[in-house]
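# just to be clear, the model below is a prediction. Sequence and coordinates:
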Amino acid sequence: MKPEYLHNLKIAPLSENTVEDDFSVIYEFYRPKLVVIVNSYIPSQEDAEEIIHDVFIKLWEKWGTLQITSNFTGYIYSMTRNACLDYLRAKKNKLTKEMSAEQQEFWLNHGALADDMASSILADELQSLVDKAIEQLPEKCKKVFTKSRMEGLCHKEISKELEISPKTVENHMSRALRQLRVALSEYLPSLFL
């Protein structure tokens, strides 16, 4: 079996003579990929190895009855991700049971405080980036954008105040937003302009 074939592998009942050979090829091909997936969830190398081992044991146990009609790679990756999530849930439940009520309250409050601090730092950093991007706009464009977004003026009011046509205001706003989108493109999923 070639590795290119493994990506689109469809499980069908195999003869008993080839099951171990096929499974060995699959193990050798997918194990390194599963290590990467598991390590992204689980920091402990020992626990990660155990999860990968469990995934292959479950796969082996289901091998004779497995009916995969789509791609095998997606199936084994889903199995691995689910095994990681099960492990993390079990670990969380175990830790929760072992903690006293006071400890749980401390960690909940500590986590909320850390989230608030991180959000505040991120907001400050993002505001700084937006301010820098606005400063780099052409002067007229910057003036129109500031009056619209910072001062809350409508296009008509900006037009009257700057003595330019409403269409020119629209053009400056379009240009400003386009340049800001480019300047802040890596932050756009969390920033709406």
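Great, that's in hand.
# could you tell me how far the nearest residue to Ile52 once chain neighbours are set aside is located from Asn93?
Counting by Cβ to Cβ, 6 or more residues apart in numbering, Ile52 lies nearest to Leu34, which is 5.1 Å off, once chain neighbours are set aside. Backbone N, C-alpha and C define where each C-beta goes, glycine included. Here the distance between Leu34 and Asn93 works out to 24 Å (Cβ to Cβ, to the nearest Å).
# count the residues that sit near Gly74.
Under the neighbour criterion other Cβ atoms under 10 Å, Gly74 is assigned a count of 11.
# could you shift the numbering so residue one becomes 38, and keep it that way?
Sure thing, new numbering starts at 38, so read that last one as Gly111.
# which strand or helix spans it?
Here Gly111 is covered by helix 109-135, with elements defined by DSSP states H and E.
# follow-up on the earlier one: wait, doesn't the residue nearest to Ile89 sit right on Ser115?
No. With contact defined as Cβ atoms under 8 Å, Leu71 does not count as touching Ser115 (11.5 Å).
# so is Leu174 in a helix, a strand, or just coil?
Following DSSP: H, G, I helix; E, B strand; the rest coil, Leu174 is assigned to coil.
# what's the nearest residue to it if we skip its chain neighbours?
Leaving out its chain neighbours, the residue that sits closest to Leu174 by Cβ to Cβ, 6+ apart is Ala213, at 5.5 Å.
# next up, the contacts around the one you found.
If you count contacts by Cβ atoms under 8 Å, 6 or more residues apart in numbering, Ala213 has them with 171, 174, 178-179, 181-182.
# hang on, the earlier thing: helix, strand, or coil at the residue nearest to Ile89?
For Leu71, the assignment made with three-state DSSP gives helix.
# contact partners for it?
Remark: with contacts taken as Cβ under 8 Å, 6+ apart, Leu71 is in contact with 89, 92, 113-114, 117.
# of all those, which two lie farthest apart?
The span of the contacts of Leu71, defined through Cβ to Cβ, is set by Ile89 and Tyr114 at 12.2 Å.
# now do the strands in the protein.
For the chain, no strands turn up when DSSP state E is the criterion.
# got the domain ranges for it?
40-135, 138-227 (automatic domain parsing).
# and the gap between the residue lying farthest from the centre of the chain and Glu194?
Ranked by distance from the centre of the chain (Cα atoms, centre = their mean), the top residue is Glu200, with 46.6 Å. Glu200 sits 12 Å away from Glu194, taking Cβ to Cβ as the criterion.
# just Cys178 next, same as before
17 Å.
# may I ask which helix or strand of the protein has the lowest mean pLDDT?
Confidence across the helices and strands of the chain bottoms out at helix 40-44, with a mean of 46, counting by mean pLDDT, DSSP states H and E.
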